[in-house]
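In: fold the following.
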Amino acid sequence: MNRTLVAVRDALTFAQGTEESSMAVQFVQPHRFSADQYRRMTEIGVVPENGTELIDGVVVEGTRPFRFTSEDYFRLGREGILDEDDRVELVDGEIVDMSPIGPRHSKCVARLLKLLRAPLGNAELRVQDVLRVNEDLTYHPDAAVYRLRPDEYEDEQPGARDALLVAEVADSSLLYDRTVKMEHYAEAGVREYWLVDLKRDIVIVARSPVASQYTDVREYRRGDGWRSPEVLDGEIRGEDVLGPARG
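Out: Down below sits the predicted model:
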C-alpha cells in the first residue's frame, strides 16, 4: 500500500476523535475509485479539486480520507459514479466496501423475506436498500421494516426513526455488525435489531435502545421462540430464520 495512504489511515485511526470511529476503520475497507470517477466527482462539485487527491483509489483531503455526507453519497448514485453493482455503504463519512454475499447469507435473507412478508399492516418491507442512520452514515441492511408515512418515502430514503425492525445477516462481517453497527443502530434509535450469526447458528435480538447501547439483548437458537409485536402477530422460531439444522 502507498506509504502516504498508510499514514492517512493511521492518522484517521488515532485522530478521528472517538473510539467508535477507530473501531469502524479497523473493520471496513475503503472503496477504491478510478481516476475518471475522481475527476467526475470534482466536476460536479462533490469533491473540491483544490486540497484533495486520489491515493491508491481513496479520495484524501489533507492527511485524512475525504468525508462524504449522505447527500454526497446519494448524488454519486444519481450521477452514475456509483451504480447498483457497487456494494458500498457510507460509514463515518467514508464510502466503504460491503462484505461479499455467500450462498448461506443469500438463503438466510430469503427466509427473512418469507417471514417478514406476512401481513404488515401499516408497515413496509425493504431488502438491502438504503437506511439513513445519520448525516455521515448510510447502511443497506439485509431486511428492514419501516412504518408507513404519507409521502411513502418518495422524497427521501427512510431514516433510523422510521425503522420498526432492522435485520442483518453476518458471517465474515460478524464482529463489525455485533459491535460498531449495533451501536450505530442503537444510537440512532432503531427500535429492534436482529443479527443472524451464521457462524454460531443463533439469532441475536436487541431491543430498547438507550444512547449507543441496547438494554435488552437476547440470543435464540433453533427450538427457541420470541415475539416481535410491532412487526408480526405470532411467535417467531429460531428455525424460521436459521433454517433446518445442518448435517
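In: tell me if I'm right that V241 and V203 touch.
Out: Yes. Between V241 and V203 a contact is recorded at 5.2 Å, counting by C-beta atoms under 8 Å. For the C-beta atoms, the positions are set from N, CA and C on the backbone; glycine is no exception.
In: which neighbours do those two share?
Out: Common neighbours of V241 and V203, counting by C-beta atoms under 8 Å, 6 or more residues apart in numbering, are W194, V196.
In: more neighbours: these two, which one.
Out: For V241 versus V203, the count of surrounding residues by other C-beta atoms under 10 Å is larger for V203: 25 against 22.
In: the helix or strand hosting the more buried one packs against which elements?
Out: Assigned by DSSP states H and E, V203 belongs to strand 202-210. Here strand 202-210 touches helix 182-188, strand 192-197, strand 213-220, helix 238-242, going by 3 or more C-beta pairs under 8 Å, 6 or more residues apart in numbering; DSSP states H and E.
In: residues touching the residue nearest the centre of the chain, list them.
Out: For the chain, Y139 is the residue whose C-alpha lies nearest the centre (C-alpha atoms, centre = their mean; 2.8 Å). Contact analysis of Y139 by C-beta under 8 Å, 6+ apart lists E89, V130, L131, V133, K181, H184.
In: again, but for S99
Out: By C-beta under 8 Å, 6+ apart, the contact set of S99 is D171, S172, S173.
In: shouldn't R149 be in contact with G159?
Out: No. With contact defined as C-beta under 8 Å, R149 does not count as touching G159 (10.1 Å).
In: these two - which one has more neighbours?
Out: G159 (17 against 14).
In: my read: the more buried one touches L131, true?
Out: Yes. Counting by C-beta under 8 Å, L131 is a contact partner of G159 at 7.5 Å.
In: identify the contacts common to the two.
Out: If you check G159 and L131 against C-beta under 8 Å, 6+ apart, no residue is contacted by both.
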